[in-house]
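Visitor: coordinates for the following, if possible.
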Amino acid sequence: MKQSALILSALMTVPALAGVDVIYGTDDRKDVFETTSSLHLQLAKSTAGMIKKSMFVKGAKAMSFDLKEVQSLERLANVCSSEKFSQQPLVATCSGFLVGPDTLITAGHCYNTFDLPENVCKDFAWVFDFNMKSANHNPTKNISINNIYNCKQVVAVQRDALYDFAVIKLDRKVVGRAPLKYRTTGKITENDPMVVIGHPTGLPLKIADNGKVTKNTEFTRFSTTLDTFHGNSGSAVFNAKTGQVEGILIMGKNDYLPSNPSNPKSCKVNNICDNSAKNCKAGTESGPIQYGEVVLRIERISSFISNSLSLK
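Guide: Residues are numbered from 1 along each chain as shown. Take a look at the predicted model:
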């Protein structure tokens, strides 16, 4: 199988099993360079993308790497050229965030869906600052080795009807980035403004705000109207004002649908729902995703995190 086919499988097949993806109302995703919030920029520094190690090749600059055989969202995912970010590169398989000097959290399905967790640990690296520095920047070139971390150990991974998370130990302490503060007691309120930071469809890092809670009654999960896509699996969902992590993005509605309903092979456009997670272009969906994007409450796994932080 060619490398491009392997990348397509990793980007489009594995995360799609969780179905994290859709636009609610207007598309609130922004590139990092477009964001004016100093708090959101700080949170983005502690967010990483999961990238297959076989994609890395030596870069032109000392102590740097490039990513090989990268294709755009349009070419790799058959997304229409008119769609937002269609010409940006598709690279990251999942998203994750720091909770300790060398400890990272992501969705469990990122590590146990298509291979054994130890094999995924061996085959994928975590990259910080994989983002657009300007409209014309190419983030796949000259990635500093200081921003690339290997997975040393999968401390915990769980994916079932109640939970979907993984706790990862990195190969060294992360420099210049602060572990994120996260909720350990209580739960999010319906009025808390939300923002999510991650790699939708594997794109360079995006920040999406203006999310609201649509269902807050499940024991381990709540639902939101944040604009997320399947590469957002494992993204931290924050209180937009305080920067506290409220949960982990794990599941959601279908992200794309054919632009021509009578031709399934036509280029794809975003699935768009209203601001109440209803009246979606892709139609009504059942289960927890009928209320929007599903988030695992981080306070429900705080004991797993605390235990992992004590490990060497």
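Visitor: how's the chain carved up into domains?
Guide: The record's domain parsing of the chain by automatic domain parsing lists 3-19+39-180+301-309, 194-299.
Visitor: which residue packs closest to F130, ignoring adjacent ones?
Guide: Take F130 and drop its neighbours on the chain: the residue closest to it by C-beta to C-beta, 6 or more residues apart in numbering is G49, 4.8 Å away. All C-beta spots, glycine's among them, are computed from the backbone N, C-alpha and C.
Visitor: winner for burial among the domains of the chain?
Guide: domain 194-299 (a mean of 22; mean count of other C-beta atoms under 10 Å).
Visitor: would you mind checking the average pLDDT for that domain?
Guide: Taken as a whole, domain 194-299 has a mean pLDDT of 90.
Visitor: circling back: quick one: list the elements packing against the helix or strand harbouring the residue nearest to F130.
Guide: Per DSSP states H and E: G49 is located in strand 47-52. Counting contacts by 3 or more C-beta pairs under 8 Å, 6 or more residues apart in numbering; DSSP states H and E, strand 47-52 packs against strand 94-100, strand 124-128, strand 194-198.
Visitor: quick one, strands of the stretch 201-312 of the chain?
Guide: In the stretch 201-312 of the chain, the segments counted as strands under DSSP state E, counting those that start in this stretch are 206-211, 213-215, 221-224, 236-239, 245-251, 256-258, 268-270, 272-273, 293-297.
Visitor: got those as JSON lines, with distance to V32 columns?
Guide: Converted to JSON lines, the strands of the stretch 201-312 of the chain look like this (distance: least, C-beta to C-beta, whole Å):
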{"stretch": "strand 206-211", "distance to V32": "7"}
{"stretch": "strand 213-215", "distance to V32": "25"}
{"stretch": "strand 221-224", "distance to V32": "21"}
{"stretch": "strand 236-239", "distance to V32": "15"}
{"stretch": "strand 245-251", "distance to V32": "18"}
{"stretch": "strand 256-258", "distance to V32": "23"}
{"stretch": "strand 268-270", "distance to V32": "21"}
{"stretch": "strand 272-273", "distance to V32": "24"}
{"stretch": "strand 293-297", "distance to V32": "21"}
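Visitor: ok, how many other residues are close to T35?
Guide: 18 (other C-beta atoms under 10 Å).
Visitor: contacts only, for the residue nearest to it when sequence neighbours are not counted.
Guide: In this structure, T35 finds its nearest non-sequential neighbour in I207, 5.2 Å apart by C-beta to C-beta, 6+ apart. By C-beta atoms under 8 Å, 6 or more residues apart in numbering, the contact list for I207 reads R29, K30, D31, V32, T35, S37, H40, A44, V195, V196, I197.
Visitor: gap between I207 and I301?
Guide: Distance, I207 to I301, by C-beta to C-beta, to the nearest Å: 24 Å.
Visitor: now V269
Guide: Noted for V269: a distance of 35 Å to I301, by C-beta to C-beta.
Visitor: how close does S86 get to E74?
Guide: Distance from S86 to E74, counting by C-beta to C-beta: 4 Å.
Visitor: likewise S302?
Guide: According to C-beta to C-beta, S302 and E74 sit 41 Å apart.
Visitor: still on that earlier bit, any shared contact partners between S86 and E74?
Guide: With C-beta under 8 Å, 6+ apart as the test, S86 and E74 both reach C80.
Visitor: parallel or antiparallel, list what pairs with the strand holding G49.
Guide: If you go by DSSP bridges, strand 47-52 pairs up with strand 94-100 (antiparallel), strand 124-128 (antiparallel).
Visitor: turn the ones you listed into CSV, columns for distance to V237 and mean pLDDT.
Guide: Shown next, in CSV, are the strands paired with strand 47-52 (distance: least, C-beta to C-beta, whole Å; pLDDT from 0 to 100):
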stretch, distance to V237, mean pLDDT
strand 94-100, 10, 97
strand 124-128, 19, 98
